[in-house]
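> Give me a 3D structure for the following:
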Amino acid sequence: MNLARRGGTPASEEPHHLDIEGTWVQLVLRRSARRSFALQVDHRGARVSVPLRTPMVEVERFVRGHGAWLLDRLRRSADRPQAPTLVPADGVELPLFGRPLRLRHVDARRAQWRLAADGVEELHLPSAVDATLAVRKALQARALAWYRGRVEEFCHRLGLPVPPVRLSSARTRWGSCSSLSGIRLHWRLIHLVPELIDYVVAHEVAHLREMNHSPRFWAVVESVYPAWREARARLRAAALTLPVIGAAEAADAGFIDSED
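Numbers count the residues shown, from 1 in each chain. Just a heads-up that it's a prediction; the model follows:
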């Protein structure tokens, strides 16, 4: 999703396939400036991440060494229920910071945020525009403003300068941190309760001090977000419940199970 953090060397991806215990497995091979091997399964299938110049024979040895785990995860991923696509019709509700947000179609020139008489926040959408696009744009603008404030807060706690903050639509990562381009946070985090958003923010801000996942990194995370273990588990469970807005998002949405 982003340049490898160490040195800014561009990562590369290519399709690959191999036989594992009699099953033909398609996967994506990702090479980057990382130092370790990693195997991941998401809604698109299998992905193996390796250091840049790793010989293919070593890649395949690593994958086959975890063959039983990989086949099991692929089967479980195929059986996992997919979130239904949300059609932004008048009166439909979706979560915003863990609380209900109601959509309303009105005669207006632009989308507007309003508080209804029953205390539920509403997003008023112009009837003459593409409702799906309008909802996504409104949520993304709200998300970016919120994220910038939270990144500033956690940078202040760690005594760090505030980096640029941008939105992400990555398929498998909630966030990323680069010494060159700053912090990116997935816009769909806006559906979650604020404390889970804060965990992702704390995680990425901690990378400004430790560009790795070493014990030193987790110590930095714990210094500003002590309950990170519980939040990490809750985040993985919550990823299964997020709404999918429109057909275009449905094509990209999946079970995001990693912070960076």
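
> ranges for the strands of this structure?
12-20, 23-32, 38-42, 45-51, 85-86, 93-96, 99-106, 112-115, 121-126, 165-168, 175-178, 182-186, 244-245 (DSSP state E).

> Let me see the contact set for Val221.
Going by C-beta atoms under 8 Å, 6 or more residues apart in numbering, Val221 touches Ala202, His203, Ala206, Trp228. Placement of C-beta: from N, CA and C, glycine included.

> do that again at 10 Å, thanks
Counting by C-beta atoms under 10 Å, 6 or more residues apart in numbering, Val221 touches 154, 199, 202-207, 209-210, 213, 228-229, 231-232, 259.

> Nearest to Thr85, out of these: which one, please.
Glu259 (25.7 Å; C-beta to C-beta).

> My understanding was that Gly149 contacts Val165; is that so?
Yes - the pair Gly149 and Val165 passes the contact test of C-beta atoms under 10 Å, sitting 9.3 Å apart.

> follow-up on the earlier one: quick check on the contacts of Val221: which are buried?
Burial by neighbour count, 16 or more other C-beta atoms under 10 Å: within the contacts of Val221 this picks out Phe154, Tyr199, Ala202, His203, Glu204, Val205, Ala206, His207, Trp228, Ala231, Arg232, Glu259.

> Tell me the predicted confidence for Ala111.
As predicted, Ala111 sits at a pLDDT of 92.

> Check the gap between the residue minimising distance to the centre of the chain and Val220 for me.
By C-alpha atoms, centre = their mean, the mean C-alpha position of the chain lies nearest to Trp174, the distance being 2.3 Å. Distance, Trp174 to Val220, by C-beta to C-beta, to the nearest Å: 18 Å.

> any idea which helix is longest in this protein?
helix 131-158 (DSSP state H).

> If we go by neighbour counts, what in it is buried?
131-132, 134-136, 138-139, 142-144, 146-148, 150-151, 154-155.

> What of stretch 67-85?
Gly67, Leu70, Leu71, Arg73, Leu74, Ser77, Ala83, Thr85.

> likewise stretch 42-53?
Asp42, His43, Ala46, Arg47, Val48, Ser49, Val50.

> closest to Arg114 among the contacts of Val221?
The nearest one, if we look at these relative to Arg114 and count by C-beta to C-beta, is Tyr199, at 29.7 Å.

> For the closest residue to the closest one other than its chain neighbours, give its distance to Ala238.
Spatial nearest neighbour of Tyr199, excluding adjacent residues (C-beta to C-beta, 6 or more residues apart in numbering): Ala231 at 3.7 Å. Taking C-beta to C-beta as the measure, Ala231 falls 10 Å from Ala238.

> which neighbours do the two share?
Counting by C-beta under 10 Å, 6+ apart, the residues touching both Ala231 and Ala238 are Val193, Leu196.

> So what touches stretch 132-145?
85-88, 92, 94, 96-97, 101, 103, 105, 110-113, 123-126, 129-130, 165-167, 169, 185-191, 197, 243, 245-249.

> and Leu185, how far is that from Val205?
Taken as C-beta to C-beta, the span from Leu185 to Val205 is 10 Å.

> what sits in contact with each of the two?
Arg150, Val151, Gly175, Cys177.
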